[in-house]
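S.K.: with the sequence up front, the predicted model follows.
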Amino acid sequence: MKRSENTTGDPEAASLYSLLPSINRLLLAPEFAIILQSESHSTVVRAMRDVLFRIRQEIAEGLHTPASLNSFLIGLHLAVTREISQSKRYSLRRVINATGVILHTNLGRAPLSASALSHIQEIAAGYSNLELDLETGERSRRDVHTEELLLRLLNFNAGKLKASSTAPPRSAVVVNNCAAATFLALNSLAEGAEVIVSRGELVEIGGGFRIPEILAKSGARLREVGTTNRTKLADYESAISSDTGLILRVHQSNFSMEGFTERPTLQDLVSLGRRRGIPVFDDQGTGLVCSLDDLGARAEPTLFDSVDADLVSASGDKLLGGPQCGLLVGKADLIDRIRKNPLLRALRVDKLTYAALEATLGDYLSEKADSVPVVNMIRLSPLDIQKRCEWVADQVCSDKLFAEAVPVLSLIGGGTAPSARLQSSAVSLRHSTLQAQTLLHTLRRLDPPVIGRVSDDAVLLDLRTVEPEFDAILATLLRQAIGNGSHSSVRE
Ligand SMILES: *Cc1c(COP(=O)(O)O)cnc(C)c1O
């Protein structure tokens, strides 16, 4: 504990340091004896050291007078208690997402449905038949747990039912995310070959996922065709050669292009591919099942719009609303080649992901799509959100904190549906002394942290993305931590 003593050579600081108690003396004090009844000796000592270290730093920075130091030391046991509870907190914490962005990559994208949660809990708590065929007792593939559901969701017959269908058999695999799915597909099907991509689709998805870079890493060679705004079917056709391994189409998920634009439909590309014997791979991205057409999300394609492609990839935790994973669904011969790739072993997902994905797909197949939180949040009625905002505003309004419900637009986010804006409401907060940015920061330090945004010098809390059962918690947190408890009727 001699660390920073007298480093400033300042005699006043030296006298302040001498006021600090030793750990041994603290351990004998009655208020610490109480803490020691519920916490281990080493936990208490570590917390004391951390608190004293911080106070030494504050002294060194000249932040203390004898009076301020003494008043701090009187409450030292409270600081130590707080330190203990903070050090026990997990790093990964539940937060209240009041940004209104439904798929927020920084906030963990899709919350899971109740059935996904209970299936995870059941599977995580014990052993499972992850790779065991319960019929034969033989080893099996982990893919079987979601393959049929995925194919059924897309109205495909599973490979083994092919006798009853004229369509070619399909299969599906699951990997860690859609970036991995795209990479694995390119590497399995086009390593050393050319992949034809429109210049309008050489996009960056976010988080550093750039199509040209991932393609280069896969060992495939990029064959760009067309221009940024216009690519015609003939551009693809004339680029096909004996070197062509794949035609790649990429959903322009996070931006919209307007004006003088053109690109062939997926169906046209697929017909071209069939004629010339080249498979067409559609990086669909969003995994959207329930159409957004009625919400003004200009032609946001669904997973079903991609069924003609020979191979489709999509994220599990975007508009599908499941766990983080990447889905690859396609012709059985292509999926077989992907399965044989040793990289699949490196990109595979764990039993918890399968449990969550199986349950989420089950929600859709049993027509309970509304129990998938992402689907539900997209569909919330603006009037209901407004009423909730009015209630929260009413609860928290005080002479310190002015709160009112205001109309806002929510974003779907997560690199999806760039043109969709959902009518919503927010609780707008203005504090009598705190700037909006400071208030925003204060909200993030609550427990649970509240994540909002600033607009026009007010903090906005969009309740579309707040689970309704958190409304009361949010109101209590705001009232106690920021409104200072003095509820008034400023709004009336
Ligand atoms: C989001 C997206 C990806 C990346 O998906 P992750 O699951 O985040 O890895 C790839 N392609 C498209 C078209 C996307 O929209």
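M.R.: Perfect, I can see it now. Numbers count the residues shown, from 1 in each chain.
S.K.: which parts of the protein sit against the ligand?
M.R.: Proximity of the chain to the ligand (CB under 6 Å from any ligand atom) is limited to residues 177-179, 182, 205, 209, 250-251, 253, 283, 285-286, 315, 318, 326, 415. In this view, the C-beta of every residue, glycine as well, is placed from N, C-alpha and C.
S.K.: can you pull the contacts of residue 58?
M.R.: The contact partners of residue 58, taken as CB atoms under 8 Å, 6 or more residues apart in numbering, are residue 64.
S.K.: helix or strand: which one has it?
M.R.: Per DSSP states H and E: residue 58 is located in helix 41-60.
S.K.: now do residue 374
M.R.: helix 373-379.
S.K.: same check on residue 272?
M.R.: Using DSSP H and E, residue 272 falls within helix 266-276.
S.K.: quick one: residue 408 from residue 421, how far?
M.R.: Going from residue 408 to residue 421 by CB to CB, to the nearest Å gives 10 Å.
S.K.: which one of those two is surrounded by more residues?
M.R.: Neighbours per residue, other CB atoms under 10 Å: of residue 408 and residue 421, the larger number sits with residue 408, 24 against 15.
S.K.: over to the more buried one: give its phi and psi.
M.R.: Residue 408 adopts backbone torsions of phi -140, psi 180, taken as degrees, to the nearest 10.
S.K.: tell me who's in contact with it.
M.R.: By CB under 8 Å, 6+ apart, the neighbours of residue 408 are 100, 424-426, 455, 460, 462.
S.K.: bridging residues for it?
M.R.: Judged by DSSP bridges, the bridge partners of residue 408 are residue 424.
S.K.: report the closest residue of the stretch 1-150 of the chain relative to the ligand.
M.R.: residue 105 (7.3 Å; CB to the nearest ligand atom).
S.K.: quick check: that residue touching residue 209?
M.R.: No: taking CB atoms under 8 Å as the definition, residue 105 is not a contact partner of residue 209, at 11.1 Å.
S.K.: burial check on the residue nearest to the residue of the stretch 1-150 of the chain closest to the ligand when sequence neighbours are not counted, number of neighbours?
M.R.: Nearest non-adjacent residue to residue 105, counting by CB to CB, 6 or more residues apart in numbering: residue 414, 5.8 Å away. Close neighbours of residue 414, defined as other CB under 10 Å, add up to 24.
S.K.: residue 414 touches residue 107, doesn't it?
M.R.: No: the criterion here is CB under 8 Å, and residue 414 misses it with residue 107 at 9.8 Å.
S.K.: who touches both of these two?
M.R.: Contacts common to residue 414 and residue 107, judged by CB under 8 Å, 6+ apart, are residue 101.
S.K.: number of residues surrounding whatever residue of the chain ends up closest to the ligand?
M.R.: Nearest to the ligand, among the residues of the chain, is residue 285, at 2.5 Å (CB to the nearest ligand atom). Counted with other CB under 10 Å, the neighbours of residue 285 add up to 29.
S.K.: good, we can wrap up now.
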